[in-house]
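Peer 1: structure for the following, please:
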Amino acid sequence: MNIIVLIKQTLDTEEKITLQDGKINEDGVKFILNPYDEYAVEEALQLKESHGGEVTVVAIGPARTDSALRHALAMGVDFAVCVEDESSIQDDYVLSKILAAAIKKKGSFDIILGGYMTIDNGSTQMGPRVAQELDIAFISAVTNLKIDGNKVLAQRDAEGNTENIESSLPILITAQQGLNEPRYPSLPGIMKAKKKSIDRYSLQDLGLSTEDVNSMIEYVDVYLPPKKGEVKLLEGDADEQVDQLIALFPNLLKLN
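Peer 2: Numbers count the residues shown, from 1 in each chain. Next comes the predicted model:
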């Protein structure tokens, strides 16, 4: 079974975001493999262990993206592909075209996995967009997956309920939290990952022109959310607190 996993490098969830010249300041911050993509990598490895085959991870990004690819390789992935891109911000429309082109260049596949969403911008578009580019079936937010021959049996999170879906290979699946528990890279795995090569593609290697990757959106401004106001604690017994709250109403109405 040929398995491809789409991954992305994101800022660590514990990092404090700062801006410089209208952009996120990346100096000294920690980047990680997008947590939802870890579920996808783990599921790919489990499918390989059950059905045989090989797993390839594909990412787009600058040189620092190697750390996310190495993390996946340390988990047990066989091959890694990086589409080198030093540009600042691109929308999912463009990125999906690049990923689809990289997958086509890599060759045949049976199943593609990716994270349900990315934690940096909250996007859930990448999976369905890539599936559309490749003209294959797609199931999102999967919490349980079984492959039986050419048959695909999946359970997906559906806003508090569960949907059971049957499809067939080839297919693209996005992994929701709860699908599995990602393994930690072992020390031997980390050492092996350091020696594994990463295939690198440029946009020209993929046969894409500048016109092919023109963004469909324009970022006018990037800013941090406003600071929350101070919290005022009401003191005294219940009656005294009610009086204090009533006294605050005029100011609260002004804020609205």
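Peer 1: OK, contacts around residue 1?
Peer 2: 47, 48, 51, 52, 53, 110, 111, 147 (C-beta atoms under 8 Å, 6 or more residues apart in numbering). All C-beta spots, glycine's among them, are computed from the backbone N, C-alpha and C.
Peer 1: if you set the cut-off to 7 Å instead, what comes out?
Peer 2: Neighbour list for residue 1: 47, 48, 51, 52, 53, 110 [criterion: C-beta atoms under 7 Å, 6 or more residues apart in numbering].
Peer 1: from those residues, list the buried ones, please.
Peer 2: For the contacts of residue 1, a neighbour count by 16 or more other C-beta atoms under 10 Å gives the buried set as 47, 48, 53, 110.
Peer 1: what's the closest of the residues you listed to residue 186?
Peer 2: Distance to residue 186 across the buried ones among the contacts of residue 1 (C-beta to C-beta) is lowest for residue 48, with 16.1 Å.
Peer 1: the closest one looks like it's in a strand, true?
Peer 2: No: Residue 48 is assigned helix when assessed by DSSP: H, G, I helix; E, B strand; the rest coil, not a strand.
Peer 1: now it. Nearest residue, chain neighbours left out?
Peer 2: residue 55 (5.4 Å; C-beta to C-beta, 6 or more residues apart in numbering).
Peer 1: check what pLDDT that neighbour gets.
Peer 2: Looking at residue 55, its pLDDT stands at 97.
Peer 1: can you check the one 5 residues further on too?
Peer 2: Among the per-residue scores, residue 60 holds a pLDDT of 94.
Peer 1: from what I see, it and residue 85 are in contact.
Peer 2: Yes: Residue 60 lies in contact with residue 85 (C-beta atoms under 7 Å); the separation is 5.3 Å.
Peer 1: check what pLDDT residue 90 gets.
Peer 2: At residue 90, the pLDDT recorded in the model is 69.
Peer 1: swap in residue 141?
Peer 2: As predicted, residue 141 sits at a pLDDT of 96.
Peer 1: ranges for the strands of the stretch 1-150 of the chain?
Peer 2: 2-6, 9-11, 19-20, 23-24, 31-33, 54-61, 79-84, 111-115, 137-148 (DSSP state E, counting those that start in this stretch).
Peer 1: closest to the centroid, which residue in this structure?
Peer 2: Against the mean C-alpha coordinate of the chain, by C-alpha atoms, centre = their mean, the closest residue is residue 118 at 3.5 Å.
Peer 1: surely it is in contact with residue 9?
Peer 2: No: judged on C-beta under 7 Å, residue 118 makes no contact with residue 9 at a distance of 9.8 Å.
Peer 1: so where do the helices sit in the stretch 101-250 of the chain?
Peer 2: 126-134, 187-195, 238-255 (DSSP state H, counting those that start in this stretch).
Peer 1: angle of the second one against strand 79-84?
Peer 2: Relative orientation of helix 187-195 versus strand 79-84 (axes from the mean of the first three to the mean of the last three C-alpha atoms, to 10 degrees): 50 degrees.
Peer 1: just the CA coordinates of helix 187-195, formatted as CSV?
Peer 2: Provided in CSV are the C-alpha atoms of helix 187-195 (Å, rounded to 0.1, in the frame of the first residue of the first chain):
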residue,chain,number,x,y,z
LEU,A,187,16.1,7.2,19.9
PRO,A,188,17.0,4.7,17.1
GLY,A,189,14.2,6.3,15.0
ILE,A,190,15.7,9.8,15.6
MET,A,191,19.2,8.6,14.7
LYS,A,192,17.9,7.0,11.5
ALA,A,193,15.9,10.1,10.6
LYS,A,194,19.0,12.2,10.6
LYS,A,195,20.5,10.0,7.9
